[in-house]
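In: Sequence and predicted model, in that order:
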Amino acid sequence: MKKNIGIIGVWHLGCVLSSCWSSLGHKVIGFDYDSKRIENLKKNIPPIFEPGLEESISQNSEKGLLSFSDNINDLKDCDFVFLTYDTPVRDDDSSDTSILEKSVNDVKSVMKNNSVLIVSSQSPVGYCSHLRKILKSQNNTLDIAYSPENLRLGEAIFCYMNPGRIILGTADKTVEEKCISLFSEITDNILSMNLESSEMVKHGINSFLSMSIVYANNIAEICEEKGADITDVIKGIKSDDRIGTKAYLAPGIGFSGGTLGRDLKVLESANNEGSGFADLFSFIHTSNSKRKNSIVSKIKKLLGGLNGKTISVFGLTYKPGTSTLRRSLPLEIVDLLIAEGAVVNAYDPKADYSELTSKPLFKICKSIEEASENSDLMLILTEWNDFKEFDWSKTLNTVKQKYFFDTKNISDKNKLTNLGFKLITLGRKYE
């Protein structure tokens, strides 16, 4: 039997869930406090680029399965309400849960009897139990579940519809059964547990991935010093069955603040409030924050200083397949370069520059060729296919120096060196 489903917060996660559940035949209504966002969605304009999202919203809206509203009372007939606001992250990567609490306080008087609020927003461990008390203070028939999102920007719709498994946290057996019945339309591999355990699963996954990134970057540093090749080293490490071929091991510029940093901060805070012996999470966060300085230091060493040097930056989004510049690590590196006196020309094929909160101090270029003009060093910070497939011979007559720093190790070494570029990559010694 198809359900009425509400979505609170229709940015990336909320739009993807609205699309997916309506595609499964449920009647979905997406709510957001941002009236302009709602007006755009009514015109089939999502707030962020995601492959297939605009088309799916348009198709399901035409079928009458998907609608959007800025009136929270329109969720009154929903059997399930998903809370999908992206939990804001402060500058220190701590979580700002105020939008989640406001949403629950506003919707608690709207939800019909025996309906379930499913939290998919990032929830600090213990927070869902707090939200459950707020719901039940209004109506004891209401309840809550936690099912953390597991999306990847650029592949979000596929990820949600093909999750491999779903983590489900509840505090009531009946609620568990209701949610299993709903989620079984996506997969029958549902790992059910209590609320706190499900929150810790999300923290645990992201902190493990964070640790893997920091580990790979540290290994890469030693490889560069000693003449080892990081590609061969990682291949050898992954060949061990205890680690495996899917291990999240690749050197880079570090992870951007936000999702991973937020979970580390939650665990760091929990440790500080508890025994104080689980200090690994603080170390991972601190080590990662130093990585951007390491990248800038390498460039400074190559060029003998940065003052007056022109750096061509390719890629500003934190990963390919997305347009968002929120908490972008490439942007932080650009800021550091400019602070050292460098002139930065930047090109990104999808970046949404309207997200910038102030006028950029770098030049926004419309093409790779334009960004390459008078370049002392080319710098790849995001692994867009555009850069991997580009014919860099088109820049030979415009660059000043032929330094080419690929922080993502995606470039064809032979092609670039044959063109006369001096290729620098992470985890390999530069001669």
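Out: Thanks, I have it. In this text, all values refer to a predicted model and were calculated from it rather than measured experimentally.
In: What's the local residue count around the closest residue in space to Leu303 that isn't next to it in sequence?
Out: Distances taken as Cβ to Cβ, 6 or more residues apart in numbering place Lys309 nearest to Leu303, at 5.2 Å, with adjacent residues excluded. All C-beta atoms are positioned from the backbone trio N, CA, C, and that covers glycine. The number of residues packed near Lys309 is 24, by other Cβ atoms under 10 Å.
In: Please apply the same query to the one 3 residues further on.
Out: Counted by other Cβ under 10 Å, the residues lying close to Ser312 total 30.
In: Also Asn217?
Out: Count around Asn217 with other Cβ under 10 Å applied: 25.
In: Surely it touches Gly254?
Out: Yes. Using Cβ atoms under 8 Å, Asn217 is in contact with Gly254, at 6.5 Å.
In: shared neighbours of those two, which are they?
Out: 288, 291 (Cβ atoms under 8 Å, 6 or more residues apart in numbering).
In: Could you pull up the residues touching the nearest residue to Ser103 once chain neighbours are set aside?
Out: Nearest residue to Ser103, sequence neighbours excluded (Cβ to Cβ, 6+ apart): Ile8, at 5.0 Å. Neighbour list for Ile8: 14, 31-32, 72, 75, 81-85, 103, 107 [criterion: Cβ under 8 Å, 6+ apart].
In: please redo it, this time with the cut-off set to 7 Å
Out: Shown in contact with Ile8 (Cβ atoms under 7 Å, 6 or more residues apart in numbering): 31, 81-85, 103, 107.
In: how far away is it from Ile295?
Out: Using Cβ to Cβ, to the nearest Å, Ile8 is found at 38 Å from Ile295.
In: give me the low-pLDDT residue ranges for the chain?
Out: 257, 431 (pLDDT under 70).
In: in terms of contact, does Leu17 touch Leu83 like I think?
Out: No. Contact between Leu17 and Leu83 fails when scored by Cβ atoms under 7 Å: they sit 10.3 Å apart.
In: any common contacting residues for the two?
Out: Shared contacts of Leu17 and Leu83 (Cβ under 7 Å, 6+ apart): Ser120.
In: And for Ser98, the neighbour number?
Out: By other Cβ under 10 Å, the residues close to Ser98 number 10.
In: same deal with Phe421?
Out: Other residues close to Phe421 by other Cβ under 10 Å number 22.
In: quick one: it and Val399 touch, right?
Out: No. The pair Phe421 / Val399 is not scored as a contact, 8.6 Å apart, by Cβ under 7 Å.
In: mind listing the strands for this protein?
Out: Assigned strands in the chain, in chain order: 4-8, 27-31, 66-69, 80-83, 116-119, 143-146, 166-170, 190-193, 310-314, 343-347, 363-364, 377-380, 403-406, 422-425 (criterion: DSSP state E).
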